[in-house]
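give me the fold of what follows.
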Amino acid sequence: MRRKIFFEVFNIKKLSILVLGFTLGVIAIWPGIISRNSRKCFFNIIKDGSDGNIQIKTILLVNPNYLLRIKNAKNDYWKVLLVGDACFRKF
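Alright, predicted model coming up:
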């Protein structure tokens, strides 16, 4: 019985360290993720571009260099990363 409780506590500690490490890693890579405006930019671009039609105001939010990179990206994963870079890396 005591051994089972030990492993449950040990797993909770490992999980909390993993979540903390992931959170700090994302904040280190994208420091702008903390600000509300950056998250709003990200979600607006994702929402607006999901149907294939993008409005002019959304295009003006992103640096032209990132637009070219996003257009030339091979898969959706890279596109989301580039949109995140465009919104979260600017201060």
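
wait, residue 30 sits on residue 84?
Yes: using C-beta atoms under 8 Å, residue 30 is in contact with residue 84, at 5.9 Å. In this view, the C-beta of every residue, glycine as well, is placed from N, C-alpha and C.

look at the two and report which has more neighbours.
Per other C-beta atoms under 10 Å, whichever of residue 30 and residue 84 has more neighbours is residue 84, with 20 against 17.

run through the residues that contact the more buried one.
With contact set as C-beta atoms under 8 Å, 6 or more residues apart in numbering, residue 84 has these partners: 30, 33, 42.

and those residues, which of them are in strands?
Among the contacts of residue 84, DSSP state E puts none in strands.

surely residue 27 meets residue 33?
Yes: using C-beta under 8 Å, residue 27 makes contact with residue 33 at a distance of 6.3 Å.

and the two? Which one has more around it.
For residue 27 versus residue 33, neighbours defined as other C-beta under 10 Å are more numerous around residue 33 (16 against 13).

for residue 71, see how far away that one is.
24 Å (C-beta to C-beta, to the nearest Å).

avg pLDDT for the longest helix belonging to the chain?
For the chain, the helix with the greatest residue count under DSSP state H is helix 2-29. When pLDDT is averaged over helix 2-29, the result is 82.

quick one: contacts for residue 87?
32, 38-39, 41-42, 45, 61-62.

just the buried members of those?
By neighbour count, with 16 or more other C-beta atoms under 10 Å, those hold 32, 38, 41-42, 45, 61-62 as buried.

from those residues, which land in helices?
Using DSSP H, the subset of the buried ones among the contacts of residue 87 located in helices is 38, 41-42, 45, 61.

now those residues as a markdown table including pLDDT and distance to residue 22?
Shown next, in a markdown table, are these (pLDDT from 0 to 100; distance: C-beta to C-beta, whole Å):
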| residue | pLDDT | distance to residue 22 |
| --- | --- | --- |
| 38 | 84 | 19 |
| 41 | 81 | 22 |
| 42 | 82 | 18 |
| 45 | 79 | 23 |
| 61 | 74 | 27 |
